[in-house]
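Colleague: here is my input; please provide its structure:
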Amino acid sequence: RWPAAEKSINSRETPPMIIGPEVLGIGWDRVQNYLSKADTKLLSAYSFHYYHSGRKEHEAIEQRYAYPDDFKEAMSSLYDTYSKENKPLFMTENSPLRDPVEKDPIYTAWFMTLAFTVNHVTSYIHWNLIWGDKGDACINIDTLLVDGEYQNIEGGYRVNGDYHALRHFSKFVKRGWKLLYATSSDADVLITAFRNPDDDEYTVILVNKGRSAKSLECSFFPEHCKATVIQSDVPNKKWSEVLGVYDSLDVVALPANSITTIAYTPKISKYIYGSDTLSSWNNPVSWMPEGVPSRHDTAVVSRGMVSLPADIDAPSPVIIENGAVIYLDSADYHLGQIVSNGGGLSTKTHCSLMVDTLFVNAQTTIGVMSLDTSALMVLNGAIKGSEYLVKIGTDTLVPRVDASAFEGGWIVSGGAFRLEDDK
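Modeller: Below is the predicted model:
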């Protein structure tokens, strides 16, 4: 322990989180041995590199990276030792540390698969993204420019295979996603699967580390999703190719030494509302096609008035056509994008409406009125467009909005319009 450093860190208004022990590898219980002598209460996460596994037969620097399975025993032991401490495991550095070879992208994806599924890390950091014109970087850049011409690399930079191996994970798995249990019946095919926090998007990464092509039957396909298949065929240097978007996916073709990502994203549908009388948003017969739009859909209020429930998981965008009205009858709402083509918003109560962006494409009314109580609407968010917003009704509208990109104007035809905080 370093008491002076600890005191200084803890005296800060927002103390930084400390990770450790940052050892070179996980072999020979190196992490466990360091942590057994440390005050682990000071650490927010346990971190380590993957530069040795404890298996001596492949510890030579030119061999280590080609044998990811050597690390499985140490990975599993590390997870078993600390899984109950509720502290994340960070793999903070790994790379070939030698001249690149053709199969390095496979080894990288192989290491990452084991890191997530066996070691259960929450962070994987590859060394390194960008380097000079030589070495094992994901991207090499030419640092020598003479008379406007690059001397070593045509165009000034070169994207290598390791970049695409990382991309199969990093582009399609976002912060906060959770690891799913997934299995492959073929020993040559490694599988890792993740889901987003809302449990409506999924990513599956398949690594065929074998020497022959495989055909994988895919038993997972959520009905609300479409699947985009991205594939890197390493021997043929076909990198991150989008093979297509599928509504069903029975068989996935996996070339020898390939990395394939299946990204499941919600299908986007368009729902049109059109009721001649006030109806609830959640009334499926008021929509065409019949149903209730989800947050991934586009909702068009084409005519009439629709009542919005406070707990709505609102689509983005919501389009309000000329003459149609969205009625707010509860306290607080949060919507993504509203596009008004001449429609309106209305309330008879106290409510707060947060809109990420309100696009005013045609003159739009905001009605705040009540016969027996004093109604008030607080409008938050950003406004864009070049047409007028018209305040109607006998009661109060408080616009707390970012109107820096709004080229239109306000017309107050009734009631109160109260500006606050220089908005």
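Colleague: help me confirm that T81 is found in a helix?
Modeller: Yes: counting by DSSP: H, G, I helix; E, B strand; the rest coil, T81 is located in a helix.
Colleague: how close does the residue nearest to the spatial centre of the chain get to S185?
Modeller: By CA atoms, centre = their mean, the chain has its centre lying nearest to K174, at 3.2 Å. Going from K174 to S185 by CB to CB, to the nearest Å gives 28 Å. (Each C-beta comes from the backbone N, C-alpha and C, glycine too.)
Colleague: could you do N160 as well?
Modeller: 32 Å.
Colleague: same question, T92
Modeller: 33 Å.
Colleague: same check on P197?
Modeller: Counting by CB to CB - P197 and S185 are separated by 29 Å.
Colleague: mind checking which of T92 and S185 has more residues around it?
Modeller: Neighbours were counted for T92 and for S185 using other CB atoms under 10 Å; T92 has more, 18 against 8.
Colleague: give the residue spans of the stretch 251-400 of the chain that score low on pLDDT.
Modeller: 371-373 (pLDDT under 70).
Colleague: just the helices in it please.
Modeller: When secondary structure is read from DSSP state H, counting those that start in this stretch, the stretch 251-400 of the chain shows no helices.
Colleague: what do you get for the stretch 1-150 of the chain?
Modeller: With DSSP H, counting those that start in this stretch as the criterion, the stretch 1-150 of the chain has helices at 3-10, 30-36, 72-82, 104-117.
Colleague: most packed of the ones you listed?
Modeller: helix 104-117 (a mean of 24; mean count of other CB atoms under 10 Å).
Colleague: give me the residues contacting that one.
Modeller: 50, 65-66, 68-69, 71-72, 75, 91, 94, 96, 121, 124, 126, 136, 160-162, 164-166, 168-169, 179, 190-192, 205, 207, 209, 232, 234, 257, 259 (CB atoms under 8 Å, 6 or more residues apart in numbering).
Colleague: just those: which are in strands?
Modeller: 91, 124, 179, 190-192, 205, 207, 232, 259 (DSSP state E).
Colleague: among those, who's most crowded?
Modeller: Neighbour-wise, the ones in strands among the contacts of helix 104-117 (other CB under 10 Å) top out at I259, 32 neighbours.
Colleague: hey, what's the residue nearest to H296 when sequence neighbours are not counted bridged with?
Modeller: Distances taken as CB to CB, 6 or more residues apart in numbering place P266 nearest to H296, at 4.0 Å, with adjacent residues excluded. In this entry, P266 is beta-bridged to C225, by DSSP bridges.
Colleague: I'd say P266 and Y202 touch.
Modeller: No: judged on CB atoms under 8 Å, P266 makes no contact with Y202 at a distance of 10.3 Å.
Colleague: hey, what's in contact with both of those two?
Modeller: C225.
Colleague: which of the two has more neighbours?
Modeller: Using other CB under 10 Å, the more surrounded residue of P266 and Y202 is Y202, with 23 against 16.
Colleague: so who does the more buried one touch?
Modeller: 180, 193-196, 220, 222, 225, 263-264.
Colleague: tell me what it is bridged to.
Modeller: Beta-bridge partners of Y202, as defined by DSSP bridges: R195, Y264.
Colleague: now stretch 120-140, how far from the chain's geometric center?
Modeller: 21 Å (CA atoms, centre = their mean, to the nearest Å).
Colleague: with stretch 171-183 instead?
Modeller: 10 Å.
Colleague: buried set for it?
Modeller: Residues of stretch 171-183 classed as buried: 172-173, 180, 182 (neighbour count, 16 or more other CB atoms under 10 Å).
Colleague: related to what we said a few turns ago, distance of the residue nearest to the centre of the chain from A263?
Modeller: Where A263 is concerned, K174 sits at a distance of 11 Å (CB to CB).
Colleague: can you check S340 too?
Modeller: Distance from S340 to A263, by CB to CB: 33 Å.
Colleague: nearest to G385, out of the helices of the stretch 1-150 of the chain?
Modeller: helix 104-117 (45.0 Å; CB to CB).
Colleague: OK, contacts around R55?
Modeller: By CB under 8 Å, 6+ apart, the neighbours of R55 are 27, 67, 70.
Colleague: what's the answer for Y82, then?
Modeller: Residues in contact with Y82 (CB under 8 Å, 6+ apart) are 46, 89.
Colleague: burial of D250, as a residue count?
Modeller: 11.
Colleague: I'd say it and C218 touch.
Modeller: Yes: the criterion here is CB under 8 Å, and D250 meets it with C218 at 6.5 Å.
Colleague: how about the contacts made by Q151?
Modeller: So Q151 contacts 142, 144-145 (CB under 8 Å, 6+ apart).
Colleague: from I139, how far out is G148?
Modeller: For G148, the distance to I139 - CB to CB - is 21 Å.
Colleague: more neighbours: those two, which one.
Modeller: Neighbour comparison, G148 and I139: the larger count goes to I139, with 14 against 5 (by other CB under 10 Å).
Colleague: what sits against the closest residue to the more buried one other than its chain neighbours?
Modeller: Of all residues not flanking I139 in the chain, I130 sits nearest, at 4.9 Å (CB to CB, 6+ apart). By CB under 8 Å, 6+ apart, the contact set of I130 is 137-141.
Colleague: check those and tell me the two furthest apart.
Modeller: Counting by CB to CB, the most remote pair of those is C138 and I141, 10.9 Å apart.
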